[in-house]
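J.: Need the 3D shape of this:
(2 chains)
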Amino acid sequence: AQTVTQSQPEMSVQEAETVTLSCTYDTSESDYYLFWYKQPPSRQMILVIRQEAYKQQNATENRFSVNFQKAAKSFSLKISDSQLGDAAMYFCAYRSWYEDNDMRFGAGTRLTVKP
Amino acid sequence: NAGVTQTPKFQVLKTGQSMTLQCAQDMNHNSMYWYRQDPGMGLRLIYYSASEGTTDKGEVPNGYNVSRLNKREFSLRLESAAPSQTSVYFCASSADRFYGYTFGSGTRLTVV
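T.: Numbers count the residues shown, from 1 in each chain, chains lettered A, B, ... in the order given. Modelled structure (predicted):
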């Protein structure tokens, strides 16, 4: 079964600076989808960004971008120009392209933004 | 607003009591899911339903049952609550693997 590992339980960043959250995954599949979700104190899970494994180009959504390294099975999230509203738990997730079942989540990284 | 509606938002149960968590989506999604979230463990799948009329066990199904009542609704039942079931529960739905999940707002359940 696929597993997702987030090795940084907590991270902090100064407002307006850049931070990178790490994620690695284990799979034998060649096609899959990867996601980053944000969970603010409101508890709501919000999709931040997605990446298709068959695309070499890294996904970007405004201040959020990923560094997808397929061979290394690494999928890090970069947040540029950090804002106070970015403070949240961030979850990395893997979803199979072949199987119509669930999404596997990492344990999460708590991001603190310092003013 | 379109999305996933989950009720209740908070619940306290005594050990041995039963309850049902309700979930409904209005996006015409085929797949629906129930997860639990525990500190340091991320989200773990309890049950899922790939389509109306079908349900399958996930990673942590013991102590739970589900019903896919129709395409919109997917409920989670705790027959005899235990303190180990204290958690935050999320319902989610999905149209396609590409799009990921749309989540409900979660239920914080405490079993005392």
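
J.: what are the ranges of the strands in chain A?
T.: For chain A, applying DSSP state E gives strands covering A:3-5, A:10-14, A:19-21, A:24-26, A:32-39, A:46-52, A:60-61, A:64-69, A:74-79, A:88-96, A:103-105, A:109-114.

J.: check contacts around the residue most central in space within chain B.
T.: Geometric centre of chain B, nearest residue: B:Trp34, 2.9 Å, by CA atoms, centre = their mean. Residues near B:Trp34 by CB atoms under 8 Å, 6 or more residues apart in numbering or on different chains: B:21, B:23, B:45-48, B:58, B:64, B:66, B:74, B:76, B:89-92. Quick note: C-beta positions are derived from backbone N, CA and C, even for glycine.

J.: Report the separation between the residue most central in space within chain A and B:Gly42.
T.: Nearest to the geometric centre of chain A sits A:Trp36, at 3.4 Å (CA atoms, centre = their mean). Here A:Trp36 is placed at a distance of 13 Å from B:Gly42 (CB to CB, to the nearest Å).

J.: What of B:Asn62?
T.: Separation of B:Asn62 from B:Gly42 (CB to CB): 18 Å.

J.: next one: A:Leu77
T.: 15 Å.

J.: Tell me which of these two has more neighbours.
T.: Between A:Leu77 and B:Gly42, counted using other CB atoms under 10 Å in any protein chain shown, A:Leu77 has the larger neighbour count: 23 against 20.

J.: Could you check the pLDDT of that one?
T.: For A:Leu77, the pLDDT comes out at 98.

J.: where in chain A is pLDDT low?
T.: For chain A, the stretches flagged by pLDDT under 70 are A:100-101.

J.: Next to chain A, which bits of chain B? Give me the list.
T.: Taking CB under 8 Å from any CB of the partner chain as the contact definition, chain B meets chain A at B:31, B:33, B:35, B:40-45, B:48, B:50, B:56, B:58, B:88, B:90, B:92, B:97-101, B:103, B:105-106, B:108.
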